[in-house]
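Peer 1: Let me see the structure of the following:
(one chain, ligands or ions: 1)
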Amino acid sequence: MTLRAELADLVLGRACAGCDRGGALLCGPCWTALLTSGPYAPRISGLQVVSAWPYLGRGRRVLLAFKERGTRDLINPLAIALARCMAVVSDHPLIVIPMPPRKQSIAERGIDVVGAIAVRACQMLDRAGQPARPVAALERVGQAPRQVGRGRQERLNLSSTEFRFRTDCDNFSAPVVLVDDVVTTGATLRAATACLRAAGVVPVGQITIAATGTDERPRQPG
Ligand SMILES: [Zn+2]
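Peer 2: Below you'll find the model as predicted:
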């Protein structure tokens, strides 16, 4: 938390996660900016992704406040961002496969970040009239090393054997989308997609709340 946020928390009870101003979990201008941002369709190393926010500024701060600082009340704006992307990819019923967490992440954060946001996003889309069902179809194989601080090629290599398809999943009767919180090189999404394809499940979209490290400027989905 920044000093300004600490001060706002002290004086006003709460600081906006997006801009550190006091008085609300997420202030009006930040809500508006985040709800009207995107969705974008960045192409990352040849992979077409749909993302709600660029991974910078208030979007990045809100995501980090949820992930790293435990501000769990932010799940709704994050879920709305994900649900908006899901609705852009398809207006049909969807099966939503969240990127599985590393055991270390769960131990550190006490929550499956992507899974929790995906479940909430599905509930929101469901209530809006588009059936959406989360299915935890992927699991991590062993303890893959964290990617932070590694080079792009090293990340791509590390991700190739990272996932396993859970055979106890039920039938996939609707189009499938794969969701994650942030895409950087696309290596993790690519590896998870390959794992699903090998199991005969072809995702119609790869969706993230935020996108960074894009080859080109984000553009609106066509
Ligand atoms: Zn704000």
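Peer 1: Got the phi and psi for the most centrally placed residue in the chain?
Peer 2: In the chain, the centroid-proximal residue (CA atoms, centre = their mean) is Asp181; its distance is 2.0 Å. In terms of degrees, to the nearest 10, the main-chain angles of Asp181 are phi -80, psi -50.
Peer 1: mind listing what it touches?
Peer 2: For Asp181, the contacting residues are Leu63, Lys67, Met99, Val113, Val114, Ile117, Thr208, Ile209, Ala210, by CB atoms under 8 Å, 6 or more residues apart in numbering. C-beta: built from backbone N, CA, C; applies to glycine.
Peer 1: List, out of the residues you listed, those positioned next to the ion.
Peer 2: Counting by CB under 5 Å from the ion, nothing from those sits close to the ion.
Peer 1: so of those residues, which ones are in helices?
Peer 2: Members of those lying in helices (criterion: DSSP state H): Leu63, Lys67, Val113, Val114, Ile117.
Peer 1: Quick check: next helix or strand after the helix or strand bottoming out on mean pLDDT in the chain?
Peer 2: Every helix and strand of the chain was ranked by mean pLDDT, DSSP states H and E. The lowest is helix 152-159, at a mean of 53. Using DSSP states H and E, the next helix or strand after helix 152-159 towards the C-terminus is strand 163-165.
Peer 1: Output the contacting helices and strands for that following strand.
Peer 2: When contacts are defined as 3 or more CB pairs under 8 Å, 6 or more residues apart in numbering; DSSP states H and E, strand 163-165 sits against strand 138-140, helix 187-198.
Peer 1: which of those sits most buried?
Peer 2: Highest mean neighbour count of these: helix 187-198, a mean of 20 (counted as mean count of other CB atoms under 10 Å).
Peer 1: Look at the closest residue in space to Asp91 that isn't next to it in sequence and say how many residues are nearby.
Peer 2: Counting by CB to CB, 6 or more residues apart in numbering, Gln130 is the residue found nearest to Asp91 once chain neighbours are left out, at 6.4 Å. Residues near Gln130, counting by other CB atoms under 10 Å, number 17.
Peer 1: What count of nearby residues applies to His92?
Peer 2: His92: 11 surrounding residues under other CB under 10 Å.
Peer 1: Excluding residues flanking it in the chain, which one is nearest it?
Peer 2: Using CB to CB, 6+ apart, the nearest residue to His92 is Pro175, at 5.9 Å.
Peer 1: Contact partners for that neighbour?
Peer 2: Contact analysis of Pro175 by CB under 8 Å, 6+ apart lists Ser90, His92, Pro93, Leu94, Ile95, Val204.
Peer 1: One more: Ser51?
Peer 2: 38-42, 85, 183, 207-211, 218.
Peer 1: Just the buried subset of those, please.
Peer 2: Neighbour-count burial (16 or more other CB atoms under 10 Å) applied to those gives 38-42, 85, 183, 207-211, 218.
Peer 1: Confirm for me that Val141 is in contact with Glu162.
Peer 2: Yes - under the criterion of CB atoms under 8 Å, Val141 makes contact with Glu162 at 6.1 Å.
Peer 1: the more surrounded of these two?
Peer 2: Set Val141 next to Glu162 and count neighbours by other CB under 10 Å: Glu162 wins out with 22 against 12.
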